[in-house]
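Asks: generate coordinates for the sequence data below:
(one chain, ligands or ions: 2)
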Amino acid sequence: MDSRENGSETSRKVWDMNLEKAKNILKRVSDVPMLEALILASFVFNEPKEKILIHGLPKDEQSIRKFSELVHKRSKGYPLQYILKRVEFMGYEFYIEEGVFIPRNVTEELVEMATNLIRELKLNLVADIGTGSGAIAVSIAKMTGVRILATDISEKAVKVAKFNASRLGVQDLVVVKKGEFLEPFLNRLDEIDLIVSNPPYVRKNDEVSKEVLYEPEEAIFSGRTGLEFYEEFFRRYDLSSKLVLMEMDELEKEGIKKIVEDEGKVIFLKDLSGNARFFLFLGKNVLNLLEKVTQLLSFRIDRG
Ligand code: SAM
Ligand code: GLN
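Replies: Ligands and ions are numbered 1, 2, ... in the order given. All right, here's what the predicted structure looks like:
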């Protein structure tokens, strides 16, 4: 064995030790600590994680220090997506940064239902309220080619959503403006067929995971009941000719029913785990679509 081999073997051992240590630290916050350790290493060393796993890495004090720093940051619950500045949603890569809500997997199911409705009912104009990173609006535009008006009260979210629309090549379809609810597009209200949203809906005093505490409060919480966003939205606009598809907490069914029941018809929709996590509202003038949408979303409908 020559001295070079010897050297690389030593650095491999040092590396394995670092990786093992990172894994143990990340166990505090992750169910897949080894995977997260490898993802962080891949990010810091700019090498594919498979390569790192098989060959280890050359000894590079500075990068190892950076790696260790990020492992500690992550171990306090800081979201991985904010470190990597990216998140996958509907198979597209979105840019993300601290200050903007991290898109969740369950919301992909809302996008799937929305695209189904848009295609089958040949809808022309869609609005996305509280667009955050633009995850919903940009994905729908990519998948259907429909035009979307998106809003958010957060300046940072508006910037990030615009950036994602351009990066994914749908800047001509997605218009993003800062403002609450549909206020920035009041002059186009009549044209909108479908309004989608993953609004804040968590009750103010509810306990949330460590990760969520790093996300903007106004993206998560909606008053003491979790229902304030829906209450204000349904109070503010004439929705009699609109379809509205929104994400919700399964415990909010009764609350939402009360808010919308005088305005039209509401159908609760299940996620893939069988929980009512979305609702579709049909205004009084579009109740003729009820049969068709019931067919289209039949396996999603919550009949409980
Ligand atoms: N749609 C994105 C997603 O699913 O990843 C973000 C959803 S996040 C749960 C809710 C977003 O709504 C946040 O970006 C927040 O800033 C925004 N928001 C909260 N209240 C709002 C309001 N009244 N009008 C417009 N946007 C609002
Ligand atoms: N479900 C999110 C959570 O992780 C909250 C999403 C929302 O309020 N829209 O708590």
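
Asks: can you count the residues close to Asn187?
Replies: Neighbour count of Asn187, defined by other Cβ atoms under 10 Å: 7. C-beta: built from backbone N, CA, C; applies to glycine.

Asks: let me see the confidence value for it.
Replies: pLDDT, Asn187: 97.

Asks: tell me how far it lies from Ile129.
Replies: 16 Å (Cβ to Cβ, to the nearest Å).

Asks: also Lys284?
Replies: When distance is defined by Cβ to Cβ, Lys284 is 21 Å away from Ile129.

Asks: higher neighbour count, these two?
Replies: A direct count of neighbours by other Cβ under 10 Å for Lys284 and Ile129 places Ile129 higher, at 26 against 12.

Asks: quickly list what that one is bridged to.
Replies: Legend: beta-bridge partners of Ile129 under DSSP bridges are Thr151, Ser197.

Asks: isn't it up against Phe181?
Replies: Yes - contact status for Ile129 versus Phe181: in contact at 5.8 Å, counting by Cβ atoms under 8 Å.

Asks: and for the two, which residues touch both?
Replies: Jointly contacting Ile129 and Phe181 under the rule Cβ atoms under 8 Å, 6 or more residues apart in numbering are 151, 233.

Asks: name the nearest residue to Tyr92, sequence neighbours excluded.
Replies: Leu168 (5.8 Å; Cβ to Cβ, 6 or more residues apart in numbering).

Asks: now Thr294
Replies: Spatially, and ignoring its direct neighbours in sequence, Thr294 is nearest to Ile301 (6.7 Å; Cβ to Cβ, 6+ apart).

Asks: and the pLDDT for the one you found?
Replies: So Ile301 comes in at 98 (pLDDT).

Asks: do Trp15 as well
Replies: At Trp15, pLDDT is 68.

Asks: also the one 4 residues further on?
Replies: Leu19 carries a pLDDT value of 86.

Asks: could you do Glu61 as well?
Replies: Reported pLDDT for Glu61: 86.

Asks: list the residues that contact it.
Replies: Here Glu61 is in contact with no residue (Cβ under 8 Å, 6+ apart).

Asks: gap between it and Leu53?
Replies: Counting by Cβ to Cβ - Glu61 and Leu53 are separated by 21 Å.

Asks: any idea how far the helix or strand hosting Lys253 is from the chain center?
Replies: Using DSSP states H and E, Lys253 falls within helix 253-260. Remark: helix 253-260 is offset 24 Å from the chain centroid, using Cα atoms, centre = their mean, to the nearest Å.

Asks: which residues sit against that helix?
Replies: With contacts defined as Cβ under 8 Å, 6+ apart, helix 253-260 is touched by 225-227, 230-231, 234, 248, 266, 268, 276, 279, 281.

Asks: same question for stretch 147-154.
Replies: Outside stretch 147-154, the residues touching it (Cβ under 8 Å, 6+ apart) are 99-100, 124-132, 134, 137, 140-141, 158, 161, 173-185, 188, 192, 216, 218-219.

Asks: now a PyMOL select for only the buried ones of these.
Replies: Paste this into PyMOL to select the buried members of these, with burial taken from 16 or more other Cβ atoms under 10 Å:
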select buried, resi 99+100+125+126+127+128+129+130+131+132+134+137+140+141+158+161+173+174+175+176+177+181+182+184+185+192+216+219
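
Asks: out of the contacts of stretch 147-154, list just those in helices.
Replies: Among the contacts of stretch 147-154, the members found in helices (DSSP state H) are 137, 140-141, 158, 161, 218-219.

Asks: now, the most widely separated pair of those residues?
Replies: Comparing all pairs in those by Cβ to Cβ, the longest separation belongs to Ala141 and Glu218, at 24.5 Å.

Asks: what about the closest residue to Leu84 other than its chain neighbours, helix or strand, and which?
Replies: Nearest residue to Leu84, sequence neighbours excluded (Cβ to Cβ, 6+ apart): Phe43, at 5.7 Å. Assessed by DSSP H and E, Phe43 sits inside helix 33-45.
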